[in-house]
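Asks: Sequence first, then the predicted structure:
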Amino acid sequence: MTIRAKGTKTSPRNKKQIRKDVERLKSIFGLGLAEYVDVIELIDITLPELFPHFSCELVPDKEMADVAGLTVPAEFKIYLKQSVYDKACKDDGQSRFTIAHEVGHLFLHDQPLVLAKQEKPTEHKVWEDTEWQADQFAAEFLMPFESVRKMSTHQDIIGTFKVSNKAARCRLSKVKDEVSKLESENK
Ligand SMILES: [Zn+2]
C-alpha cells in the first residue's frame, strides 16, 4: 500500500458499509465474492461494457510525477500512470491495489477529487476521508473479509489474491482483530 495524502471530507462510511458497497458492486460487475479480481479486465472490458461513459486514460509516467492514479468521478474517468497499468498486467500487488483504490473513488465519491485536493485540508474523522475510504474499498475488493478470515498467513493472501506483502499483512491483522471482536461480542 502506498502512503497516500489525507483526502477530503465526504459522507461518512464505516468498514461494514464499504464491505456492503463492494459486495453490491461485485454483483453488478459479475464478479465472484470470494475470488481473485482481474483489475485489468475490469477497467479494460467490464466497466466500459457496463458503463459506456466510463473511460480510463493511460498517462505517460513523466506527466504524472508522484501520482499513480487520479479519478474524476463527475466525468466517470480514471487517469492511470502507464507504468502502473503495465505492472498490474503482470499481477504487481501495489499496482493492482492502486487500480482498485481508483475504482473505489469512482463509485463512492462524487466531488472532483483533483480540485478538492488543492483546497485547504479540513478537520474530519478518518471514516469521512476520501482516501481512507478508497483504501478500505480496495482492501475489501481485492481481499474479501470472508475469505481472509479463513486464512492463517499473509502468504496465503498473497498467493490467492496477488497483493503486496504489506497490504496482505495489514489486511490479515485487521481481519483477525475484527474476528476476535465479533467472537467476544457473541460470548
Ligand atoms: Zn485516492
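Replies: Looks like it came in fine. Numbers count the residues shown, from 1 in each chain.
Asks: What mean pLDDT does stretch 167-178 get?
Replies: Average pLDDT, stretch 167-178: 97.
Asks: so what's the nearest residue to residue 22 once chain neighbours are set aside up against?
Replies: Distances taken as Cβ to Cβ, 6 or more residues apart in numbering place residue 140 nearest to residue 22, at 4.3 Å, with adjacent residues excluded. C-beta coordinates here come from the backbone N, C-alpha and C atoms, glycine included. By Cβ atoms under 8 Å, 6 or more residues apart in numbering, residue 140 lies in contact with 15, 18-19, 22.
Asks: Kindly recompute the last result at 6 Å.
Replies: Neighbour list for residue 140: 18-19, 22 [criterion: Cβ atoms under 6 Å, 6 or more residues apart in numbering].
Asks: Scan this protein for its longest helix.
Replies: helix 165-185 (DSSP state H).
Asks: now, which of the contacts of residue 140 sits nearest the ion?
Replies: Ranked by distance to the ion (Cβ to the ion), these are led by residue 18 at 13.9 Å.
Asks: center of this structure - which residue?
Replies: With distances taken as Cα atoms, centre = their mean, residue 138 lies nearest the centre of the chain, 2.0 Å away.
Asks: hmm, back to that, which SS class is the residue nearest to residue 22?
Replies: Secondary structure for residue 140, judged by DSSP: H, G, I helix; E, B strand; the rest coil, is helix.
Asks: what's the pLDDT at it?
Replies: pLDDT, residue 140: 98.
Asks: could we number from 47 for the rest of this?
Replies: With 47 as the first residue, the last one maps to residue 186.
Asks: what's the distance between it and residue 169?
Replies: Using Cβ to Cβ, to the nearest Å, we find residue 186 at a distance of 26 Å from residue 169.
Asks: got the CA coordinates for stretch 128-144 in PDB?
Replies: Written as PDB, here are the backbone C-alpha positions of stretch 128-144 (Å, rounded to 0.1, in the frame of the first residue of the first chain):
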ATOM      1  CA  GLN A 128       1.300   3.900 -17.800                       C
ATOM      2  CA  SER A 129       3.700   2.000 -15.600                       C
ATOM      3  CA  VAL A 130       1.000   1.200 -13.000                       C
ATOM      4  CA  TYR A 131      -1.100  -0.300 -15.800                       C
ATOM      5  CA  ASP A 132       1.900  -2.300 -17.200                       C
ATOM      6  CA  LYS A 133       2.800  -3.600 -13.800                       C
ATOM      7  CA  ALA A 134      -0.800  -4.500 -12.900                       C
ATOM      8  CA  CYS A 135      -0.900  -6.600 -16.100                       C
ATOM      9  CA  LYS A 136       1.900  -8.600 -14.500                       C
ATOM     10  CA  ASP A 137       0.000  -9.000 -11.300                       C
ATOM     11  CA  ASP A 138       2.100  -6.500  -9.300                       C
ATOM     12  CA  GLY A 139       0.300  -6.200  -6.000                       C
ATOM     13  CA  GLN A 140       0.800  -2.500  -5.300                       C
ATOM     14  CA  SER A 141      -0.400  -1.500  -8.900                       C
ATOM     15  CA  ARG A 142      -3.400  -3.700  -8.500                       C
ATOM     16  CA  PHE A 143      -4.200  -2.000  -5.300                       C
ATOM     17  CA  THR A 144      -3.900   1.400  -6.900                       C
END
